[in-house]
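[1] what follows is a predicted protein model with its sequence.
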Amino acid sequence: MTAGVHETTLGLDHRKLGMWVFLGSEFLFFGAFVSAYILYLDTTAGGPGVEIFDIPFTSISSFVLLMSSLTMVLAHNAHTRRDMRRMRMWILATAGQGAVFLGGQIFEFTVFYKEGLNLTQSPFASGFFVLTGFHGLHVFVGILLLLSLYSLTLTGKVKPDQDLKTEMIGLYWHFVDIIWVIIFTVVYLIPDLLMEA
Amino acid sequence: MSTTETHDPAQAAGGHVDHHPGPREYVRIAIILAILTALEVSTYFVDFGALAIPLLVVLMGIKFVMVAGFFMHLRFDTKLYGRLLYGGLFGAIGLYAITLIVMSFDGAPRV
């Protein structure tokens, strides 16, 4: 075996294994907030509820985040082929799409605030802002990781044979994406249908 | 110190893991994901009746499995990673179920 690969007794890289354990635990983190949101869906305390959601707008930002997973996996693929120029291009594209998603979320929060929905307005509002806010924070951390990776490849601190670093950041980014796949359905689409019924 | 940090020991041993999909396959998967998202959004504009919510749950599940399986390489990596991810997911679902049961008791906190 090549020196420098950090294996566990399972024959797996311990950093990658650690990342998967972290991602598994993150489900519990988001699971708690999703549970609270669903359980308090009707407790709007006389304020705005799910009717405030702009589904077409959120659909576009959801689509952008979903497509950022494609550019992320293309960045990793380019890194495994030692094509650092293309890898950096895809990394920037991923960070850019993340920034568009985050901008959309900030805009959405601003509109909701103006329409009377704020963090302490009702259990529903708290559940919504805490859940989607923490997801936004994860996207922000992901963007910082991507930009750090971009800079480190430019300065030569991440080398063409170190594609595990890109893979680890990619795992985190895809996780943030699949959490949004759940949030988009459970927080936005299903409650909107229930309200109409 | 320069170390080789490839994404799995087989690759580190000198070989390139070529059973991962290539860029064309990734784009194909992304197109399928985009179509599934369009179907999801269509439930907002088109009345699917009682089928709407089950359809949304199924579409969400397919999208989840596709991203985890292809983009996160769960289909090609060791099964342990999948167990860790899905273990967390089922833990979260269990957490929701327990909370739901506890809140149905008379003495549970109400808002």
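    That came through, no problem.

[2] low-confidence ranges, the chain, go.
    With no chain named, the answer covers chain A. A:1-7 (pLDDT under 70).

[3] hm, I was asking about chain B
    Using pLDDT under 70, chain B drops low at B:1-18, B:106-111.

[4] any idea how it splits into domains?
    Residue ranges for the domains of chain B, per automatic domain parsing: B:20-76, B:78-111.

[5] tell me the most buried of the ones you listed?
    Stretch with highest mean neighbour count among the domains of chain B: domain B:20-76 (a mean of 16; mean count of other C-beta atoms under 10 Å in any protein chain shown). Every C-beta, even on glycine, is put in place using the N, C-alpha and C of the backbone.

[6] so the residue in chain A that chain B sits nearest to is in which element?
    Closest residue of chain A to chain B, C-beta to the nearest C-beta: A:Gly31 (2.4 Å). Remark: A:Gly31 resides in helix A:14-39, with elements defined by DSSP states H and E.

[7] tell me how many other residues crowd the closest residue to A:Tyr37 other than its chain neighbours.
    The shortest distance from A:Tyr37 to any non-neighbouring residue, by C-beta to C-beta, 6 or more residues apart in numbering or on different chains, is to A:Gly127 (3.7 Å). By the criterion of other C-beta atoms under 10 Å in any protein chain shown, A:Gly127 has 21 neighbours.

[8] can you list the buried residues in the helix or strand harbouring A:Gly127?
    Taking DSSP H and E as the criterion, A:Gly127 maps to helix A:123-154. Buried residues in helix A:123-154, counted by 16 or more other C-beta atoms under 10 Å in any protein chain shown: A:123-129, A:131-132, A:135-136, A:138-139, A:142-143, A:145-146, A:149-150, A:153.

[9] beyond that helix, next helix or strand please.
    helix A:163-183.

[10] so which residue is smack in the middle of chain B?
    By C-alpha atoms, centre = their mean, chain B has its centre lying nearest to B:Phe64, at 2.6 Å.

[11] phi, psi of that residue?
    When read as degrees, to the nearest 10, the backbone of B:Phe64 gives phi -60, psi -50.

[12] tell me which residue in chain B sits closest to chain A.
    B:Ala92 (2.4 Å).

[13] can you list contacts of whichever strand or helix holds that residue?
    Element membership for B:Ala92 (DSSP H and E) is helix B:79-103. The contact list for helix B:79-103 (C-beta atoms under 8 Å, 6 or more residues apart in numbering or on different chains) reads A:10, A:12, A:16-17, A:20-21, A:23-28, A:30-32, A:34-36, A:38-39, B:68, B:72, B:74, B:108-109.

[14] hmm, which of the residues you listed are the buried ones?
    Neighbour counting by 16+ other C-beta under 10 Å classes A:12, A:16-17, A:20, A:23-24, A:26-27, A:30-32, A:34-36, A:38-39, B:68, B:72, B:74 among those as buried.

[15] tabulate the domains of chain B in CSV, adding columns for distance to A:Val176.
    Output for these, formatted as CSV (distance: least, C-beta to C-beta, whole Å):
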stretch, distance to A:Val176
domain B:20-76, 11
domain B:78-111, 13
